[in-house]
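Colleague: Fold the following for me, if possible:
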Amino acid sequence: MEKTEKTFAAINQSIEDTRAVLKKEEVSVVQSVSAGTAIVSGMAQAQMDELLQFPNNVMGMVQTLNRDSVGVVFLDNPNTIKAGDRVVRTKRVLDVPVSDELLGRVINPLGKPLDGKAPLTAPQRRPIEVEAVPIMDRAPVDTPLQTGIKAVDAFTPIGRGQRELILGDRQTGKTAIALDAMLNQKDTGVINIYCAIGQRNSAVAGVIADLEKYDVMQNTVVVVAAANDEAGMQFIAPYAATSIGEYFMEKGRDVLVVYDDLTNHARAYRQMSLLLRRPPGREAFPGDIFYIHSRLLERATHLSPDLGGGSLTALPIVATEAGNISAYIPTNIISITDGQIYLSAPMFQKGIMPAIDTGKSVSRVGGDAQLPAYKSLVGPLKLFYAQFEELESFTKFGTQLDKETQKRIARGKAIRCVLEQRQYHTMSAPEQIAVFIAVNNGLFDAMSADEIGEAQKIVLNVFYAQFRTAIKTILSGKKLSEEQIAQMLTAFQSALMR
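Modeller: The predicted model follows:
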């Protein structure tokens, strides 16, 4: 009898252990599949940006809510998906893993490693789409983000928390500007996030190699949605990169995010939208094309001290065609950002590097964040250079010029030579200011381009040897006194005359 009771008890326990747990799932089927998109019937409870799971672990994201169906864009290769396949709701809005573990890693917009290293164990996840920080929680942009590029830091300065557009034709050095800005953050504590959208894998590999070569990769996160990835993956890439940046910003850190580039992002969204039967507008872009970029770039900000004082600076890149900055996507993004750095194809072809057109480039915020030591120098520099560009065209006709005009042209040519700078040769703020003091006071006017290059080296050697106090003054955010500038000019002139 006792043995029988034990047997029944064991059987009952086994039944309890194997009892099925009921799990409620909302399941539907694929109605139709197009290039990178699908229409799924039903899914009445699905929400925008929700992840759906297809067979073979293929993931898709809800992008259109219809009465009897939802439009989905695939985030993985959908070649195995066909009409009639089973689809399951995940009830999870698209998100990305965030942690300090991301530093030094190359990932895709879903957080999956692309660098062959160990999988991420980040416990925290953030939605890729969040509301921008309210105005009351923002602080003024008052701290410079030095790029190390003389033409940028002097003429179109960037502040931490600003949105500065980089635009120009293909192959004019847009990525080079952004890459130099990232390299210049090596010892500043600023975290870099490079977001590659629709780029060739070889081009992205080149950027990563440069970041590793100059020892910046350990302070950088690279988010890649390559040209051979699905349009949906390219679309979510900048939002995922921004969410990663916001994680660090909310910890009180300063972050620089480069979007390379938003032209490809707009094209990916156009492709998705047309396949999902959204009405085309100008140049076949859907009507909400402005909104997808405004809600992205509005997330760049400088947080108030109560929220930690962190910042997120955005450098979006946009490609123009034949220098047409009045095209649809460039004008959209120009209206969203706080200024633009325009790269001129004719200047690039002449070998002027960086090919920044100072007449079309502007910073609407950075001047307030610029180091005080720059401000007394930049005004005369801009004036001379603008006058030089106007006068230079007259010299092509062999017009006779008076001495004052000749002087302005000589000064303008000297300024142009000083502004030229090779990639990966960034300069600190004190170095730039020393050179600007020299050119602003005519020390380079009578020199050729080759002589100006050597003269800059002489000026910097004297500056570091004799003016340590001036360097501390510049870095502390104070203005140089007239006496300090006069002493520097005397020393520079004496060294150049030897």
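Colleague: For the rest of this, base every contact and every neighbour count on C-alpha atoms.
Modeller: Fine.
Colleague: okay, now Ile471: neighbour count?
Modeller: 17 (other Cα atoms under 10 Å).
Colleague: wait, I meant Pro157
Modeller: 28.
Colleague: ok, for it, nearest residue in space, not its chain neighbours?
Modeller: Nearest non-adjacent residue to Pro157, counting by Cα to Cα, 6 or more residues apart in numbering: Gly366, 4.6 Å away.
Colleague: quick one, phi/psi of the closest residue to Ala284 other than its chain neighbours?
Modeller: Of all residues not flanking Ala284 in the chain, Arg270 sits nearest, at 7.1 Å (Cα to Cα, 6+ apart). For Arg270, the backbone dihedrals (degrees, to the nearest 10) come out as phi -60, psi -40.
Colleague: Enumerate every residue touching the residue nearest to Pro157.
Modeller: By Cα atoms under 8 Å, 6 or more residues apart in numbering, the contact set of Gly366 is 141-142, 144, 156-159, 162.
Colleague: Poorly predicted segments of this structure, please.
Modeller: Regions of the chain meeting the criterion pLDDT under 70 cover residues 1-6, 8, 11, 14-24, 396-399.
Colleague: domain assignment for it?
Modeller: What the record gives for the chain is the domain set 27-92, 97-370, 373-496, from automatic domain parsing.
Colleague: how far out from the middle of the chain is the last one?
Modeller: Taking Cα atoms, centre = their mean, to the nearest Å, one finds domain 373-496 lying 30 Å from the centre of the chain it belongs to.
Colleague: what does the first one give?
Modeller: Chain-centre distance of domain 27-92: 31 Å, with Cα atoms, centre = their mean.
Colleague: what's the answer for the second one, then?
Modeller: Between the mean C-alpha location of domain 97-370 and the chain-wide mean there is a distance of 2 Å, by Cα atoms, centre = their mean.
Colleague: May I have the phi/psi pair for the residue nearest to the spatial centre of the chain?
Modeller: Geometric centre of the chain, nearest residue: Val258, 1.4 Å, by Cα atoms, centre = their mean. Here the main-chain torsion angles of Val258 (degrees, to the nearest 10) amount to phi -110, psi 120.
Colleague: Kindly provide the distance from it to Val207.
Modeller: Distance of Val258 to Val207, given as Cα to Cα, to the nearest Å: 12 Å.
Colleague: Val72 should be in a helix, yeah?
Modeller: No. Counting by DSSP: H, G, I helix; E, B strand; the rest coil, Val72 is not found in a helix; it is strand.
Colleague: buried ones in the lengthiest helix in the chain?
Modeller: Identified as the longest helix of the chain according to DSSP state H is helix 372-395. For helix 372-395, burial by neighbour count (16 or more other Cα atoms under 10 Å) applies to 372-374, 377-378, 381-382, 384-385, 388-389, 391.
Colleague: So what's the residue count around the residue nearest to Ala284?
Modeller: Count around Arg270 with other Cα under 10 Å applied: 23.
Colleague: OK, contacts around it?
Modeller: Arg270 sits in contact with 284-286, where contact means Cα under 8 Å, 6+ apart.
Colleague: try Glu212
Modeller: Gln218.
Colleague: Since that was my last question, I'll sign off now.
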